[in-house]
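Enquirer: here is a sequence together with a model predicted from it:
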Amino acid sequence: MNKAKAILPLTLLAIVMSGCGQGTSSSSEKSVPSTPSISSEEPVSKKLKVLTIGNSFGEDTIKYVPSICEGLGVEYTVAHMFIGGCSMALHKQNCDTDAATYRYYKNWGEGWMEKQNVAISTAIAEEDWDYVLFNGLSGETDVEGGYNDYLLKYVGVRSKNPNVKLGFNFTFSYNQDNPPTLEFNEWFFNYYKRYDFNSVKMYNAGSTAMKNYLDTSKLCDFILPVATSVQNAKTIFTENEIHRDYIHMSHFLGRYICGLTFVYYFTGLTGTTFYPSYVSKEEADIAETCVKAALENPWTITTIEGK
């Protein structure tokens with residue numbers, strides 16, 4: 001498949017991105033006003049058909065996607081394949097064996113439908129998906145190579161849509177103010193320790209590796225910059241406002257930021273009328289600002305002002 005390589009999908013946002021095309025270091029930060037503008041170079045998409053394959057981090061990302069779409073008047077079919085703590089290695093194993101081991105959530109405007117024991121091949125064949133993306137463990141965002149191209153090829157040759165776009169969800173760094181403990185999980189503790197329990201260091205490592213992978217892979221079309229939106233939000237909200245525990249997003253604000261990134265990225269639209277309970281209008285506006293800044297500068301942290 002001959003596909004354009006981009007951090008943004010086909011509905012490209014018409015912004016010269018200092019963090020993408022010119023190799024901006026992910027460790028740099030820039031301060032911007034709290035109302036960055038985004039204009040559309042191509043027609044925006046009022047339809048969204050996306051399959052995600054991952055774990056609880058993907059679940060955090062997809063939670064509010066239907067409501068955000070409805071707040072934009074977007075017709076949608078979104079689905080998420082879930083195994084708790086699933087790694088890229090396990091995704092590959094499941095592809096190799098056609099294992100029907102995923103919990104499958106799907107929503108096309110009538111609420112979430114759930115099925116147990118579904119194989120990746122089954123979900124791929126169910127729709128002519130426009131986008132399919134994977135996520136694994138957070139630590140795998142800073143490991144270059146690995147199983148990534150294998151998974152994309154597996155989907156590409158089975159897709160009902162010859163123009164399907166394939167990529168990965170760049171998932172968020174951990175909670176710096178309440179980091180994983182040994183008692184919680186030894187693997188997460190030791191991984192975060194490598195970055196001195198510092199969310200910026202963890203983000204920077206992932207950003208560098210994911211950009212390098214996108215630049216060099218012949219199969220990867222996009223990286224969804226969820227981690228950048230979240231890291232932007234951490235410059236204006238506390239870590240504990242963004243997270244609900246050591247590693248996951250908070251049920252309302254954190255998940256909302258991830259969902260906004262997902263919908264705005266794939267549609268080119270902004271300005272949804274939806275925001276969840278326990279998120280104020282002011283917080284929703286700031287969340288939108290964080291996401292817009294991430295779409296403009298997907299590989300670098302932007303300091304958000306205005307709270």
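Expert: Alright, I've got the coordinates.

Enquirer: strands of the chain, start to end?
Expert: 29-32, 47-54, 75-82, 102-107, 113-118, 131-134, 165-169, 222-224, 301-304 (DSSP state E).

Enquirer: in JSON lines, list the ones you listed along with mean neighbour count, distance to Tyr192 and mean pLDDT.
Expert: C-beta: built from backbone N, CA, C; applies to glycine. Below are the strands of the chain laid out as JSON lines (neighbours: other C-beta atoms under 10 Å; distance: least, C-beta to C-beta, whole Å; pLDDT from 0 to 100):
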{"stretch": "strand 29-32", "mean neighbour count": "13", "distance to Tyr192": "21", "mean pLDDT": "33"}
{"stretch": "strand 47-54", "mean neighbour count": "23", "distance to Tyr192": "20", "mean pLDDT": "97"}
{"stretch": "strand 75-82", "mean neighbour count": "22", "distance to Tyr192": "23", "mean pLDDT": "98"}
{"stretch": "strand 102-107", "mean neighbour count": "20", "distance to Tyr192": "27", "mean pLDDT": "98"}
{"stretch": "strand 113-118", "mean neighbour count": "13", "distance to Tyr192": "32", "mean pLDDT": "98"}
{"stretch": "strand 131-134", "mean neighbour count": "26", "distance to Tyr192": "22", "mean pLDDT": "97"}
{"stretch": "strand 165-169", "mean neighbour count": "25", "distance to Tyr192": "19", "mean pLDDT": "97"}
{"stretch": "strand 222-224", "mean neighbour count": "27", "distance to Tyr192": "22", "mean pLDDT": "97"}
{"stretch": "strand 301-304", "mean neighbour count": "21", "distance to Tyr192": "18", "mean pLDDT": "98"}
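
Enquirer: of all those strands, which one comes closest to Phe274?
Expert: Of all the strands of the chain, strand 75-82 sits nearest to Phe274, with 12.6 Å by C-beta to C-beta.

Enquirer: show me how far the closest one is from its chain's centre.
Expert: Its chain's C-alpha centre and that of strand 75-82 lie 13 Å apart, by C-alpha atoms, centre = their mean, to the nearest Å.

Enquirer: who touches it?
Expert: With contacts defined as C-beta atoms under 8 Å, 6 or more residues apart in numbering, strand 75-82 is touched by 46-56, 58-59, 62, 65-66, 69, 102-109, 118, 120, 123, 126-127.

Enquirer: related to what we said a few turns ago, could you dump the strands of the chain into a markdown table with distance to His243 added?
Expert: Listed next are these as a markdown table, based on distance: least, C-beta to C-beta, whole Å:
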| stretch | distance to His243 |
| --- | --- |
| strand 29-32 | 21 |
| strand 47-54 | 18 |
| strand 75-82 | 19 |
| strand 102-107 | 22 |
| strand 113-118 | 25 |
| strand 131-134 | 22 |
| strand 165-169 | 17 |
| strand 222-224 | 19 |
| strand 301-304 | 17 |
